[in-house]
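[1] Pasting a predicted model and its sequence here:
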Amino acid sequence: MDEEKTTVLEPAERPDTQEIAPVKKTKFEFPKNMPMYIIIGVLVVALLLMAYFLFFQSKGEVSSEGAAQIRQMQEMTQEVQQLESDVKEKKDEIFSLVDEYKEKTGEASLGVNALELGEDETKILEQRISEEKDVSVKSLLEEILEKNNEIRELSAKIAEIEALLPKPHLAAKGENHYKVAMDFLMNEKGVEKKRALKLVERTALFDELVPGFKVWNFYTGDAYGSSVTQGTASISPNTLIRRAKKKLVDARDEAISQRDKLAEDIKTLEDKRGTLINHVDSLSKEKESLIGQVSELNVEVNSLSYLLDSQSNLKKKGVLKGGFLKSTKLRDVSPEYFATSVDMRIQTQIVFSAKDLGLRKIKKVTLYPKFYNEGTDYKIEMSGDNQTAIVTILDTLKFKNERIVISVR
């Protein structure tokens, strides 16, 4: 294609060549009859406005370009959050498929890591699919493989977006958003403390950080912003916010209910004041007793009782039964076995070590009864050296006032 040619016209050739009359310059003057104190006031205001604008412009306070950059990067992290949520959803679906596979086949394990299959594991799974005769089982394996491919694609998209963003800070236990933001501005960007405080005060911070959350910090020189995404945490920031809001709403409703109830009680007591004056002391004692009972009941209702021991010990005690070529099952056991419990309002993890159970290392952890779904109701994590393990309760409602057996081998 020929390049477009631009013709430059000489002054005599340009269309508008008629002489343009010079613009008459006018000089601004105050009205002659305007009082002097008004003129001085106007000049002072004008000078103050000019000084204000020049000062804050030099500080970078009025720059809209930095704010626009921050908004753009925050929008990108919102996309990352959505993709991370999709990955979490796919992983939950894989856990359900694996449980369904175990139920159909009676096998204790799929034989490969069901999440994020590597090249070798993918080949093993593809081989099993080609050899599987049961159509329903084959369909489950194919779906697991498909979900892994979807997770791989989503992870690639996350990596692609994150490559365009600054490296995030991975939240650790006990950290808070305010400290992360101040450390970033002062230690990484060298921002003076007073200015860092102003920047952080103008930024919406997350109330609670869960270990594994990705904290994104953005600084353009004149503007600061921050976002939080799920990262490797088991819960998303949005879910955490919704739970916090629900707690506040429930607390408010409970307070209103208690207020209304107390108002009714007061009215009743006022109507019966003459009769009840002689019973004030006994009523006070009864009230204290009821408060203590309610407190104890709350602890009991929100507690999870458990029996933790090695598989061999549990079989010796008769808690578990099973043997060669027989699956291990839980027998009906007496409540006195469950002397240990956790208040799930305070603690949702049960941590133990191989040494505690007289084992060299932890090979496998099994939770009974088996109608609780691993990955949905609870999860099990083991250290790299198989010396410690953690059972984390994910759905505390299901485990309220329940008893479980944790078998370790």
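    Looks like it arrived, so ask away.

[2] so how far is residue 125 from residue 119?
    11 Å (C-beta to C-beta, to the nearest Å). C-beta: built from backbone N, CA, C; applies to glycine.

[3] Please enumerate the helices of this structure.
    Shown for the chain, the helices assigned by DSSP state H span residues 36-58, 64-105, 119-131, 135-162, 177-183, 193-201, 237-271, 273-276, 280-301, 311-316, 396-399.

[4] If you average pLDDT over each of the ones you listed, which is lowest?
    Mean pLDDT per stretch puts helix 36-58 lowest among these, at a mean of 54.

[5] would TSV of the helices of the chain with distance to residue 168 and mean neighbour count be doable?
    Putting those into TSV (distance: least, C-beta to C-beta, whole Å; neighbours: other C-beta atoms under 10 Å) gives the following:
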stretch	distance to residue 168	mean neighbour count
helix 36-58	31	10
helix 64-105	8	16
helix 119-131	28	13
helix 135-162	8	16
helix 177-183	10	18
helix 193-201	17	14
helix 237-271	13	11
helix 273-276	63	10
helix 280-301	39	10
helix 311-316	41	17
helix 396-399	29	15
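
[6] Dump these to CSV, plus distance to residue 346.
    Below are the helices of the chain laid out as CSV (distance: least, C-beta to C-beta, whole Å):
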stretch, distance to residue 346
helix 36-58, 48
helix 64-105, 25
helix 119-131, 39
helix 135-162, 34
helix 177-183, 23
helix 193-201, 31
helix 237-271, 14
helix 273-276, 38
helix 280-301, 10
helix 311-316, 27
helix 396-399, 11
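
[7] Could you name the stretch from these that's closest to residue 347?
    helix 396-399 (10.4 Å; C-beta to C-beta).

[8] Which secondary structure elements does that closest one sit against?
    On a contact count with 3 or more C-beta pairs under 8 Å, 6 or more residues apart in numbering; DSSP states H and E, helix 396-399 meets no helix or strand.

[9] Show residues contacting it.
    302, 304, 344, 348, 372, 377, 378, 393 (C-beta atoms under 8 Å, 6 or more residues apart in numbering).

[10] Check stretch 148-160 too.
    Contacts of stretch 148-160 (C-beta under 8 Å, 6+ apart): 80, 83-84, 86-87, 90-91, 94, 114-117, 122.

[11] how much space between residue 113 and residue 142?
    Taking C-beta to C-beta, one finds residue 113 at 17 Å from residue 142.

[12] Please apply the same query to residue 389.
    In terms of C-beta to C-beta, residue 389 sits 32 Å off from residue 142.

[13] Just give me the neighbour total for residue 115.
    Residue 115: 16 surrounding residues under other C-beta atoms under 10 Å.

[14] and what of residue 166?
    13.

[15] Could you report the pLDDT at it?
    In this model, residue 166 carries a pLDDT of 89.

[16] swap in residue 187?
    Per the predicted model, pLDDT is 93 at residue 187.

[17] How about the one 5 residues further on?
    The predicted local confidence for residue 192 comes out at a pLDDT of 93.

[18] What sits closest to it if chain neighbours are left out?
    Leaving out its chain neighbours, the residue that sits closest to residue 192 by C-beta to C-beta, 6 or more residues apart in numbering is residue 186, at 7.9 Å.

[19] what do you get for residue 191?
    That would be residue 185: by C-beta to C-beta, 6+ apart, it lies 4.2 Å from residue 191.

[20] Hmm, residue 194 and the one you found touching each other?
    No - applying C-beta atoms under 8 Å, one finds residue 185 not in contact with residue 194, separated by 11.1 Å.

[21] Are there residues contacting both of these two? Which ones?
    By C-beta under 8 Å, 6+ apart, no residue touches both residue 185 and residue 194.

[22] ok, the closest residue to residue 99 other than its chain neighbours - contacts?
    Leaving out its chain neighbours, the residue that sits closest to residue 99 by C-beta to C-beta, 6+ apart is residue 373, at 5.9 Å. Applying C-beta under 8 Å, 6+ apart, we find residue 373 in contact with 95, 96, 99.

[23] and which of the residues you listed is nearest to residue 334?
    Nearest member of these to residue 334, counting by C-beta to C-beta, is residue 99, at 29.0 Å.

[24] Compute the distance between the closest one and residue 151, please.
    18 Å.

[25] Chain neighbours aside, what residue packs nearest to residue 134?
    Residue 134's closest residue in space is residue 104 (C-beta to C-beta, 6+ apart), at 7.6 Å.

[26] That neighbour contacts residue 136, correct?
    Yes - with contact defined as C-beta under 8 Å, residue 104 counts as touching residue 136 (6.5 Å).

[27] chain center to stretch 69-80: distance?
    17 Å (C-alpha atoms, centre = their mean, to the nearest Å).

[28] Give me the contacts around it.
    Contacts of stretch 69-80 (C-beta under 8 Å, 6+ apart): 158, 161-162, 164-166, 214, 216, 218, 220, 223-225, 227, 229.

[29] Please, a PyMOL command that selects the buried ones among these?
    PyMOL command restricting the contacts of stretch 69-80 to the buried ones, with burial defined by 16 or more other C-beta atoms under 10 Å:
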select buried, resi 158+162+165+214+216+218+220+223+224+225+227+229
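
[30] Next, residue 331: phi, psi?
    Here is the backbone geometry of residue 331 (degrees, to the nearest 10): phi -90, psi 160.

[31] Just give the number of residues close to it.
    14.

[32] That'll do, ta.
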